[in-house]
Structure formats: C-alpha cells, structure tokens
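> quick one, fold the following:
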Amino acid sequence: MRTLLGVLAAVALVLIAGAVATFFIARSIEARYPPHGRFAEVAGGRLHYVELGPGRAAQGTILLLHGASGSSGDTIAALGEPLSKRFRVIALDRPGSGWSDRISEDASSPAVQARIIREFLEKLRVESTVVVGHSWSGALAANLALDHADAVAGLVLLAPATHPWPGGEISWYYTPTTWPVLGRLLPWTVSTPLGLALMNLTVASVFAPQAPPPGYIERSRIPLVLRPSAFRANAADVSGLYEFVKRQAKRYRDIRVPTVIISGDADDIVWTHLHSRALEREISGARLIVLPGIGHMPHHVARDVVVREIERLAEAIAAARAGGPRAPAPASEAAGARRL
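The predicted model follows:
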C-alpha cells in the first residue's frame, strides 16, 4: 500500500511540475512568436493568415496550406517571398494551428477545415485560387477541389498524404493525446516540455535525408505547436487522417482542376509510391514530379523547383482564362527530377 501511495505521489509531483513548466513555456512561446499576420472572422471564431504580394498588380492568388505540426510560418518561410513578387500569396494557419481558433469541434476532419477555408476565402473576396497543400494538407487541398471546386483553380500538392497506408499507424505520441481523459491531461502537463526537449531531433527526422535549413525552427515558428491547445488539435488532425482518406480516396477521379504533384523518392514519412503515384493515376491530367534523393520537405530543400512549378501552373490557368494558349508542358520534368 505504501509503495502504491509513493508511486501515486511521484506521478502527481511529475504532473504538477509538468503543468507549471507547460504554463511558463507556453507563455514564453506566445511572447516570442506573436501573430505576424491578420485575422479574419468566420462562423465560430477567427483564422490567422499572412498575406503578401504586389496588390492590384498580382497575377492571381495562391493559397498556402501547411502540413501537420506547423503553421503559416512554414509555408511563408519557404515560398512566400519568391511567389509574392507576382502573385497574391495567402498563407493560412489551419483551424487550431498557429494563431487560428479551432472553430469547430469536428475540425480534425479535412472536409470541415475545407468548409471553413471556403468561408475564409469568401471573406477575403478570393473567387478562385491555386491551392498549394503540403503533407496533411494534401488531403485538405484535394477536398477543396472536390467539395468546393468553384473556389479552386488548380492544385499543387507537395508530398501529399492522400491515401490509406498499411496498418493506419501514426507516431506513438499522437494517439494518447486523443484519448478522453489522458488526452486532456497530457498536453497541459508533459507534452510541451517533452516536445521542446525533442524538437531538434523531430525536425531533423522530418527533413531526412536532408538537414533542416539554418534557422528553420525560428523562421517557421515551429514551437507554436507545443502550446497545449495547438498540440491537442494537431494530434486530433493526424489521428483522424487515416479514416478520412480511406473514404476520400475513392473520389479523386472526380477532381477536374489542373494538378501538379511534387514528391521526393526518399520520403519516409509520406510514401511517394503509395500516395503520389496513385494520385497521378486517379486525377486526369495530373503531372507527378519525383525529386531524386529528396525527403518530406521539398518546398524547403528544392524550393526553386517548387516555385517554378507553382508559377507555371498559375500562368497556364491565367492564359486559359484569357482565352490564350495553355502553357505547354515541358519536354522533360523539372531539372533533377524524374517521373515514377
């Protein structure tokens, strides 16, 4: 009995210490990474976004959607500056990520996030946009093209997670966070200090086999995901993705917008041969670019290729709308790339 009481007391002390540490770490993160964009009101709360571009001289709108464990900081750091020279660029914190409210209790579903984003685009008077979705947001961008097709002019999918994978397993630290009791306890006690301690290792694993660019964590504002509410929202997003893509994968043949898929053949997080190759077959006219030796973060480690493909697609769409000829497909894939 004494042993049991001792164990319970030790656990209680760890949780109390973790809660105190979480409070101060979260406050420090929020002070270091305050909102760096604007807020838009939608039904149920506010969405935070960053907007760049040449104003009325913009040659179209590009919407950047980040993957799991990130925020608008990731996509803006990689793509914002080069794309904003010619286009209106909007990088959004997805519901529950960065500084955006969760908006809805069922916002872990990409379909619900797509509905929220559609309302967001209407608030910003964006009639149609090229949607760039990385990783988790591959499923989200595809759903926008399926359920809100009139708002989507084209898709650029970067290492997209779009299909069910064998076993449906996810990283071990996500699942407990979604449990009814423990899931509410962990983010406010141990998840934040543990995540902070493992951040460099986690980021390195996401970029492997490449190394993260210098200053990546700071510029991409990655620590924002360690705040308890964001951590739990992110875990719910990841945990629910498998069941969602099991259903949605049956619909990809209905996507009718121009689509480019860019993935690395060394991606051990979202397997290119399973997701991107299937997507190329299922979306009529989709073009798959495979980058040799590249991992899960092509928009950072092969930025020039990604920017060029986004620009090429946006130009083709603009030309088609103007009644001119479509931009010709290149005779070969992007430099240093190959087709599966």
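> and A26, how far from P228?
Per CB to CB, to the nearest Å, A26 is found 7 Å from P228. To be clear about C-beta, it is placed using only N, CA and C from the backbone, and glycine gets the same treatment.
> right, I mislabeled it, should have said A266
Per CB to CB, A266 is found 34 Å from P228.
> these two: which has the busier surroundings?
A direct count of neighbours by other CB atoms under 10 Å for A266 and P228 places P228 higher, at 20 against 15.
> quick one: contacts for the more buried one?
22, 26, 187-188, 191-192 (CB atoms under 8 Å, 6 or more residues apart in numbering).
> looking at those residues, which has the most residues close by?
Using other CB under 10 Å as the neighbour criterion, T192 leads the contacts of P228 with 27 neighbours.
> tell me if that residue really is in a helix.
Yes - counting by DSSP: H, G, I helix; E, B strand; the rest coil, T192 is found in a helix.
> which pLDDT value does the model give it?
In this model, T192 is scored at 94, pLDDT.
> can you give me the strands in the stretch 101-250 of the chain?
Secondary structure of the stretch 101-250 of the chain (DSSP state E, counting those that start in this stretch): strands at 129-134, 152-158.
> okay, and the common contacts of A26 and P228?
T192.
> follow-up on the earlier one: show me which pair in the contacts of P228 is furthest apart.
The most widely separated members of these, counting by CB to CB, are A26 and S191 (10.6 Å).
> so what's in contact with these two at the same time?
Common contacts of A26 and S191 (CB under 8 Å, 6+ apart): 226, 228.
> residues of the helix or strand harbouring V89 that come out buried?
Element membership of V89, judged by DSSP states H and E, is strand 88-92. By neighbour count on 16 or more other CB atoms under 10 Å, the buried set for strand 88-92 is 88-92.
> could you export those as CSV, including distance to S128?
Converted to CSV, the buried residues of strand 88-92 look like this (distance: CB to CB, whole Å):
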residue, distance to S128
R88, 12
V89, 15
I90, 13
A91, 18
L92, 16
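> nearest to E311 among these?
Closest approach between the buried residues of strand 88-92 and E311, by CB to CB: V89, at 11.6 Å.
> what sits against the closest one?
By CB under 8 Å, 6+ apart, V89 lies in contact with 51-53, 61-62, 64, 76, 79-80, 83.
> widest-spaced pair of those?
The most widely separated members of the contacts of V89, counting by CB to CB, are T61 and I76 (14.9 Å).
> neighbour count: those two, which is higher?
Neighbours were counted for T61 and for I76 using other CB under 10 Å; I76 has more, 26 against 22.
> partners of the nearest residue to that one once chain neighbours are set aside in the sheet?
Spatially, and ignoring its direct neighbours in sequence, I76 is nearest to A91 (4.5 Å; CB to CB, 6 or more residues apart in numbering). Residues in a beta bridge with A91, per DSSP bridges, are V50, L64.
> so who does A91 touch?
A91 makes contact with 37, 49-52, 63-64, 66, 72, 75-76, 80, according to CB under 8 Å, 6+ apart.
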